[in-house]
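Visitor: got a predicted structure here, sequence first:
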Amino acid sequence: MDQLLEVKLGCLAGVLLITLLCGLIPSQIQWFQFNMARGKHRRILSCIGCFAAGVFLGACIMHMVADALGDIQEEIKKRQQQTYPFGELVISLGFFLVFAIESLVLHCCPRAVHVHGDHEGQGDHKSLPESHSSFRAFVLFLSLSFHSVFEGLAIGVQKQETAVIQLCLAVLIHKAIVVFSLSLKLVQSGTQMRWRLLYLVVFALMSPAGISIGIGVSLSNSDGSGLAQALLEGLAAGTFLYVTFLEILPYELRSHESFLTKFFFIGLGFSIMAIIAIWA
């Protein structure tokens, strides 16, 4: 086994373990349960939730949308010289696809229950359909999983050890923050424990799966990118755009209490993802 392959396999194991560890923290520790928090504890969790919202906003704009636009544009240029914004069209289709599916789910399952509680108090509960919150949690998981496969693919196709290590470190930091935030949102959405664990395990396997595919591609000397991959990235970015702006940010900002503090932590989460975008 050559040294480059060993480095890639080490990255695969590291990404898997770190993702599982960071994802299980908010899912398994009772301290992160919003409905059991009071006073200062609740305010701290509110700040963590806003930080997670900023992470998702940064991941959406600085990573998923940017990567999708770049890859789709590159693939279109290989085939034709038209200047039509195909990337934006595909992302928009992903957005409207989730909107249509969610509307259908809400129409078929109109039963409403209290699934969200206000971070700062209990007087502003938001009545939403149970399927509404669960469906958006699933869409969040699905779009992030697609993106994780492509991140792993980028590691697997690298030709130099230093490039593999640098990209892997950036992805590790990115994944650790994102999976922590994902787990927190699954807890907030009222997703059952067994489903949370299933989501986290599957999500943790996505980047290693991408690395494995990338290794296979690099060993066979074939092109690791393609139009199908770029289109899937665009659809995933569109779905994530929908969940970020119609679910996560409105949920965190619906109460005007401590608005500046919330804005600060959302900005902090976004800034971290923007910095990570330099390397990943």
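Guide: Nice, I can see it.
Visitor: residue boundaries of the strands in the stretch 51-200 of the chain?
Guide: 112-116, 126-129 (DSSP state E, counting those that start in this stretch).
Visitor: any idea which of the ones you listed scores lowest on pLDDT?
Guide: With a mean of 40, strand 112-116 has the lowest mean pLDDT of the strands of the stretch 51-200 of the chain.
Visitor: now the nearest residue to Phe95 once chain neighbours are set aside: which helix or strand?
Guide: Spatial nearest neighbour of Phe95, chain neighbours left out: Gly238 (4.1 Å); criterion: CB to CB, 6 or more residues apart in numbering. (C-beta placed from N, C-alpha, C; glycine too.) Gly238 belongs to helix 227-243 when assigned by DSSP states H and E.
Visitor: does anything pack onto that helix? Which helices or strands?
Guide: In terms of contacts (3 or more CB pairs under 8 Å, 6 or more residues apart in numbering; DSSP states H and E), helix 227-243 is packed against helix 66-79, helix 86-108, helix 130-156.
Visitor: what's near enough to touch Leu4?
Guide: Applying CB atoms under 8 Å, 6 or more residues apart in numbering, we find Leu4 in contact with Lys159, Gln160, Glu161, Val164.
Visitor: so it: helix, strand or coil?
Guide: Recorded secondary structure, Leu4: helix (DSSP: H, G, I helix; E, B strand; the rest coil).
Visitor: where does it land on pLDDT?
Guide: 85.
Visitor: ok, now how distant is it from Leu24?
Guide: Counting by CB to CB, to the nearest Å, the gap between Leu4 and Leu24 amounts to 31 Å.
Visitor: repeat for Leu104
Guide: Between Leu104 and Leu24 the distance is 33 Å, computed by CB to CB.
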